[in-house]
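Novice: what would the 3D arrangement of this be:
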Amino acid sequence: MTLAEKQQRLVDDFLIIPDPQERLAAVVAHATRAPAFDPAGRIDANHVPGCVSTVWLVVERDPATRRLRVRADAESPLVKGLVALICELYDDTDPADATIFQPELLEKLHLAQNLSPTRRAGLLAVQKRIKEKAEKLTL
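Specialist: Next up is the predicted model:
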């Protein structure tokens, strides 16, 4: 499945909830079903600067499939939910595809306009870090 197809599947899954605030609550609840984040990953090297809430991000390449494995954790439940959604988008994708994909997930879900500018900037920092790590993994 391509990143565009994954994005559309996620959009379709969440747009069945008509109210944006309820949709945001569903995203936060959805994070509880995300793959567990190893607490050992809460180190400075995995910290994403630029986020209001502390976010840790691990981007690795699965040795068997050569695809990305993307996991994150955050102190804020809201940020954790949003970051988990971004991780779900990029997880199990080709690193080269991740470097060029321009996600519009939060915009298509009509969530971006309900977030503060600093929170949006933090989520952009997460996406940027995923792309940077993916680029290093393509070498």
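
Novice: count residues in the vicinity of the residue nearest to residue 110 when sequence neighbours are not counted, would you?
Specialist: Among residues not flanking residue 110 along the chain, residue 20 sits closest, at 5.1 Å (C-beta to C-beta, 6 or more residues apart in numbering). C-betas here are computed from N, CA, C, even on glycine. Neighbour count of residue 20, defined by other C-beta atoms under 10 Å: 13.

Novice: again with residue 57
Specialist: Around residue 57 there are 23 residues (other C-beta under 10 Å).

Novice: these two touch, right, it and residue 125?
Specialist: No - here residue 57 does not reach residue 125: they are 9.4 Å apart, not a contact under C-beta atoms under 8 Å.

Novice: look through this protein and tell me its longest helix.
Specialist: Longest helix in the chain, counting residues (DSSP state H): helix 117-138.

Novice: surely residue 61 touches residue 95?
Specialist: Yes - contact status for residue 61 versus residue 95: in contact at 6.5 Å, counting by C-beta under 8 Å.

Novice: residues of stretch 91-107 that come out buried?
Specialist: Using 16 or more other C-beta atoms under 10 Å as the test for burial, stretch 91-107 gives 91, 93, 94, 95, 97, 98, 99, 101, 103, 105, 106.

Novice: typo on my end, it should be stretch 3-22
Specialist: Judged by neighbour count using 16+ other C-beta under 10 Å, the buried positions of stretch 3-22 are 3, 6, 7, 10, 14.

Novice: picking that back up, now do the shared contacts for residue 57 and residue 125.
Specialist: Contact criterion C-beta atoms under 8 Å, 6 or more residues apart in numbering; residues shared by residue 57 and residue 125: residue 48.

Novice: and the residue nearest in space to the middle of the chain, how far is that from residue 21?
Specialist: Geometric centre of the chain, nearest residue: residue 86, 1.9 Å, by C-alpha atoms, centre = their mean. Distance, residue 86 to residue 21, by C-beta to C-beta, to the nearest Å: 20 Å.

Novice: what comes up buried for stretch 122-135?
Specialist: For stretch 122-135, by 16+ other C-beta under 10 Å, it's 122, 123, 125, 126, 127, 129, 130, 131, 133, 134.

Novice: let me know the average pLDDT across it.
Specialist: Mean per-residue pLDDT for stretch 122-135: 96.
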